[in-house]
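In: everything below, folded, please.
(chains A and B)
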2 protein chains.
Amino acid sequence: MGYRVAVVGATGLVGQRLLQVLEERRFPVDELRPLATSRSAGRRVRFAGSSWAVGEASVAALAGVDIAFFAASGEVSRQLAPEAARAGTVVIDKSNAFRMDPAVPLVVPEVNGHALAHHRNLIASPNCSTIQLVVALKPILDRFGLERVVVATYQAVSGTGAAALDELEAEVRAGVEGRAHPPQVYPKPIAFNVLPHCDRFEAEGFTLEEWKLVRETRKILERDDLPVTATAVRVPVRVGHSEAVWIQTRDEATVEELRRVLAAAPGVVVEDDPQAGVYPTPLAVAGRDEVFVGRIRRDPTTPRAFWLWIVADNLRKGAATNAVQIAEALVGAKARAR
Amino acid sequence: MGYRVAVVGATGLVGQRLLQVLEERRFPVDELRPLATSRSAGRRVRFAGSSWAVGEASVAALAGVDIAFFAASGEVSRQLAPEAARAGTVVIDKSNAFRMDPAVPLVVPEVNGHALAHHRNLIASPNCSTIQLVVALKPILDRFGLERVVVATYQAVSGTGAAALDELEAEVRAGVEGRAHPPQVYPKPIAFNVLPHCDRFEAEGFTLEEWKLVRETRKILERDDLPVTATAVRVPVRVGHSEAVWIQTRDEATVEELRRVLAAAPGVVVEDDPQAGVYPTPLAVAGRDEVFVGRIRRDPTTPRAFWLWIVADNLRKGAATNAVQIAEALVGAKARAR
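Out: Just a heads-up that it's a prediction; the model follows:
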């Protein structure tokens, strides 16, 4: 028995990856409804060896759907997701619309899959930069405790969407050909540059991206008081977010213990032999589903302080793969309950 | 009255910038000796509207020189600088060879110009990523004290040299044209990638670049016990190093006070109105001599904790300009002593 599955935002970068990941992981799809806003409806997408027409997203188009992945804007999610959920569709929402709603579980299955037990047909998947952070922090929190987390990100332009990827390519090409290409998606050029500006600026001088990292990490780790702080920076990388993370643990730990705990954690791959050139980079992890951790080392200036270098494919584990894993957890739970 | 000036490494990226900055700042050059290793000797460089033949660097070639800027390798500095200094030439050395020698002042003129008082004809200019950090930290240290500094860098490829810049261009061009271009300067591709690997890996899992940031910052700020720690990352930017810096001050401070103290500090430009799109980026500060600070904000999770975003041209303030400023300070002191 399979499921009637909708993908809202099927023509976007995350939507396309969702279709790909559903296929790769052989998610039991009986019926597929690729949907998008009116701007993109009518286009076609590939799934399971066929070409599918993209319908216009609406409450009617979602009628009878078992599982709907939302990978469109927060506005689209706010308009359609609650009604679809009331009508019985399980919505897995990648947008920022409901993540901090106390009634909505915010889930990374390896980290807090138990939070799925009490959903009301609406489940949020976290921000890309949060997902890879909590996957690496959770095993450390469980074993050694955490007192402080300081994050600097190196985020790929695909996190902004297809238009941003096009802008990077156009700027790079213009640069190679000696032409200028005025930026449109970002406020300043992103090629050969870095921008300490992900998402919009909000209160107290932080960006929304930085607040997401703080709030979502606390919610997922169930540590409302955890001191987490971040600077989020866009870099001219196509796919793959990286994070330089400085932590203080509550209990004493050795680097070897941290490596062991991380290597044993679900969804984590430790790549940490720098003398042999082994550490993760975004270019190398693009297309992979795990979270890669390297450069694990003790900061000798501070008790129980360590650095981690955390890299993941922002479109896969940071978005599509995590959403599909949420669906797998739900379907698995249902299968077990039968 | 001018000076007989030598530039060792005159054909390199920093050497070329040195000639440019000497000219721009009208440093009193009576006689110029552009020098390089045998590999580059014989080439020509531009200075003050003329073309100059590059001689081979040697003790003999430095005879009678008043001020020699060394912008070659640490090996060249170790071979030639001590003997030139003994012979009466004031050596301003950009290499890593003597920076941590207790007998050698390590100087950023705005920060610790007083250390020049006791030089023995050999003065070291710090690592590029250190210079911009201490220029921004010093006014904060003086006014509020500092208890902790955590740095993540975003470093331009020009910091590695001309061959690295060529490699970035070649990789980008190959990418645009759909070809592969195997890396030779860096161990992995740098185009569309970030590498948590600046300089070689050393003890305890840190790179030499990271240790330089720690040790040199402590020496320049004269705070051997200051907890400074860093992750240094190469990004596909041509010129301009950026740093996301999390600090804890000793005394209470407000964001407004930090902005005022930084704005009043020598060599610092505060660009900090993010809602209006005002924050520094490497592309925008390339070619400038100051250190630019933006995104100054309080970390609400920790008492007396703040974030800074520090950007500077690594070839100018990070290298050539700082060396010329050291020479200006020496010459000014001599002029005042007359």
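
In: C-alpha only now, for contacts and for neighbours.
Out: Fine.

In: give the next helix or strand downstream of whatever helix or strand A:K219 lives in.
Out: Assigned by DSSP states H and E, A:K219 falls within helix A:208-221. For helix A:208-221, the succeeding helix or strand toward the C-terminus, using DSSP H and E, is strand A:228-231.

In: distance between that next one and the chain's centre?
Out: 17 Å (Cα atoms, centre = their mean, to the nearest Å).

In: how about the residues of the stretch 151-300 of chain A that lie near chain B?
Out: Neighbours of chain B within the stretch 151-300 of chain A, by Cα under 8 Å from any Cα of the partner chain: A:152, A:154, A:169, A:172-173, A:176, A:187, A:191-196, A:201, A:204-206, A:227-229, A:231, A:235-238, A:244, A:246, A:274-275, A:277, A:279, A:281-283, A:295-299.

In: write a ChimeraX command that selects only the buried members of the residues you listed.
Out: Here is the ChimeraX command that selects the buried residues among those (16 or more other Cα atoms under 10 Å in any protein chain shown):
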select /A:152,154,169,172,173,191,192,193,194,195,196,201,205,206,227,228,229,231,235,236,237,238,244,246,274,279,281,282,283,295,296,297,298,299
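
In: so which of the residues of the stretch 151-300 of chain A next to chain B sit within strands?
Out: Within these, residues falling in strands by DSSP state E are A:152, A:154, A:228-229, A:231, A:244, A:246, A:295-298.

In: make CSV out of the residues you listed and add pLDDT.
Out: Below are these laid out as CSV (pLDDT from 0 to 100):
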residue, pLDDT
A:A152, 98
A:Y154, 98
A:V228, 98
A:T229, 98
A:T231, 98
A:A244, 99
A:W246, 98
A:R295, 98
A:I296, 98
A:R297, 98
A:R298, 98
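
In: for the helix holding A:K219, which helices and strands make contact with it?
Out: Here helix A:208-221 touches helix A:109-112, helix A:128-144, strand A:228-231, going by 3 or more Cα pairs under 8 Å, 6 or more residues apart in numbering or on different chains; DSSP states H and E.

In: what bridges to A:V91?
Out: A:A68, A:L122 (DSSP bridges).

In: where does it sit relative to chain B, distance-wise?
Out: Note on A:V91: its distance to chain B, by Cα to the nearest Cα, to the nearest Å, is 33 Å.

In: list the contacts of that residue.
Out: Neighbour list for A:V91: A:67-70, A:81, A:84-85, A:121-123 [criterion: Cα atoms under 8 Å, 6 or more residues apart in numbering or on different chains].

In: is it possible to export these to TSV including neighbour count and pLDDT?
Out: Below are those laid out as TSV (neighbours: other Cα atoms under 10 Å in any protein chain shown; pLDDT from 0 to 100):
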residue	neighbour count	pLDDT
A:I67	25	98
A:A68	27	98
A:F69	29	98
A:F70	29	98
A:A81	29	98
A:A84	26	98
A:A85	21	98
A:N121	22	98
A:L122	24	98
A:I123	28	98
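
In: hang on, the earlier thing: what's the angle from the helix holding A:K219 to helix A:128-144?
Out: 40 degrees (axes from the mean of the first three to the mean of the last three Cα atoms, to 10 degrees).

In: looking at the helices and strands packed on helix A:208-221, which one is packed in the most?
Out: strand A:228-231 (a mean of 25; mean count of other Cα atoms under 10 Å in any protein chain shown).

In: which neighbours does it have in its sheet, and in what orientation?
Out: strand A:146-154 (parallel).

In: list of residues touching the strand it pairs with?
Out: Strand A:146-154 is contacted by residues A:129, A:140, A:226-235, A:241-250, B:152, B:194, B:244, B:246 when judged by Cα under 8 Å, 6+ apart.

In: distance from the chain centre to that strand, please.
Out: Worked out by Cα atoms, centre = their mean, strand A:146-154 lies 17 Å from the chain centre.

In: ok, now stretch A:195-212?
Out: So, by Cα atoms, centre = their mean, the centroid of stretch A:195-212 is 17 Å from its chain's centroid.

In: and it, how far apart are its ends?
Out: 18 Å (Cα to Cα, to the nearest Å).

In: outside of that stretch, which residues touch it?
Out: Contacts of stretch A:195-212 with the rest of the structure, by Cα under 8 Å, 6+ apart, involve A:127, A:130, A:188, A:229-235, B:274-275, B:279, B:281, B:295-298, B:309.

In: what about 7 Å?
Out: The contact list for stretch A:195-212, computed with Cα atoms under 7 Å, 6 or more residues apart in numbering or on different chains, reads A:127, A:230-235, B:274-275, B:281, B:295, B:297.

In: for A:G88, give me its contacts.
Out: By Cα under 7 Å, 6+ apart, the contact set of A:G88 is A:N121.

In: from A:V59, how far off is it?
Out: Taken as Cα to Cα, the span from A:G88 to A:V59 is 12 Å.

In: now do A:A41
Out: 15 Å.

In: got it, and A:P105?
Out: Separation of A:P105 from A:V59 (Cα to Cα): 22 Å.

In: got it, and A:T321?
Out: 25 Å.

In: so the two - more neighbours on which side?
Out: A:T321 (24 against 14; other Cα atoms under 10 Å in any protein chain shown).

In: would you check that the more buried one makes contact with A:V21?
Out: Yes. Using Cα atoms under 7 Å, A:T321 is in contact with A:V21, at 6.2 Å.

In: pLDDT weak spots in the stretch 101-250 of chain A?
Out: Scanning the stretch 101-250 of chain A for pLDDT under 70 picks out no residues.

In: export stretch A:60-72 as PDB, just CAs?
Out: Output in PDB follows, covering the C-alpha atoms of stretch A:60-72 (Å, rounded to 0.1, in the frame of the first residue of the first chain):
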ATOM      1  CA  ALA A  60      -9.000  21.600  -3.900                       C
ATOM      2  CA  ALA A  61      -5.800  20.300  -5.500                       C
ATOM      3  CA  LEU A  62      -4.700  18.800  -2.100                       C
ATOM      4  CA  ALA A  63      -8.100  17.100  -1.500                       C
ATOM      5  CA  GLY A  64      -7.600  13.400  -0.700                       C
ATOM      6  CA  VAL A  65      -3.800  13.700  -0.400                       C
ATOM      7  CA  ASP A  66      -2.200  11.600   2.400                       C
ATOM      8  CA  ILE A  67       1.100  13.500   2.600                       C
ATOM      9  CA  ALA A  68       1.800  16.900   1.300                       C
ATOM     10  CA  PHE A  69       5.400  18.300   1.200                       C
ATOM     11  CA  PHE A  70       5.400  22.100   1.200                       C
ATOM     12  CA  ALA A  71       8.500  23.500  -0.400                       C
ATOM     13  CA  ALA A  72       7.200  26.900  -1.500                       C
END
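
In: what comes into contact with it?
Out: With Cα under 7 Å, 6+ apart as the contact definition, stretch A:60-72 has outside contacts at A:3-9, A:14-15, A:77, A:84, A:89-95.

In: and chain A, what are its domains?
Out: A:3-125+A:319-337, A:130-314 (automatic domain parsing).

In: residue of the stretch 201-338 of chain A nearest chain B, please.
Out: Nearest to chain B in the stretch 201-338 of chain A, going by Cα to the nearest Cα, is A:V237, at a distance of 4.2 Å.

In: who's in contact with the closest residue to that residue other than its chain neighbours?
Out: Leaving aside its chain neighbours, A:V237 sits nearest to B:F192 (4.2 Å; criterion: Cα to Cα, 6 or more residues apart in numbering or on different chains). B:F192 makes contact with A:236-238, B:236 under the criterion Cα under 7 Å, 6+ apart.
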